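Student: Got a predicted structure here, sequence first:
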Amino acid sequence: MNEDLSNTFDNLILDILKNGREIVTKGGDIIKVQATAADLNVARQRLKDCGISAEATDNNPIGNIIEEMQHRGMKMPGLDTESDDVATGT
């Protein structure tokens, strides 16, 4: 039973990430929107809880995200950056 619940939860997260979610507008219409920041946070936390991580390289999306953040002046914990963090000023 526990594995069924876990698989159902994982499949729901995957479906939302791939296909977005349906929401009801104030007018009562149902529209499909992309995954929200909250949805992405749930997916991130699920991966973390399961011990899943990725190593950044020059050829994967994680590496590209880190490169973009560094380009914008943000410090990345555990990575060697010499510039100040524009978000915190430190």
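Tutor: The structure has been received and is ready for your questions. Everything numeric in this text was worked out from a predicted model, so none of it was measured. Residues are numbered from 1 along each chain as shown.
Student: C-alpha only now, for contacts and for neighbours.
Tutor: Noted.
Student: so Ile23 sits in a helix?
Tutor: No - assignment of Ile23 by DSSP: H, G, I helix; E, B strand; the rest coil gives strand, placing it outside any helix.
Student: Tell me the backbone dihedrals of Val33, please.
Tutor: Dihedral angles of Val33 (phi, psi; degrees, to the nearest 10) stand at phi -130, psi 160.
Student: Once you drop chain neighbours, what's closest to Thr25?
Tutor: Spatial nearest neighbour of Thr25, excluding adjacent residues (C-alpha to C-alpha, 6 or more residues apart in numbering): Ile31 at 7.3 Å.
Student: for Ala35, same thing?
Tutor: Per C-alpha to C-alpha, 6+ apart, closest to Ala35 is Gly20, 4.8 Å.
Student: what about the residue most central in space within the chain, helix or strand, and which?
Tutor: Against the mean C-alpha coordinate of the chain, by C-alpha atoms, centre = their mean, the closest residue is Leu40 at 4.1 Å. Leu40 is part of helix 37-49, with elements assigned from DSSP states H and E.
Student: tell me the contacts of the residue located most distally from the centre of the chain?
Tutor: Farthest-out residue of the chain from its mean C-alpha position, per C-alpha atoms, centre = their mean: Gly27, at 30.2 Å. Contact analysis of Gly27 by C-alpha atoms under 8 Å, 6 or more residues apart in numbering lists nothing.
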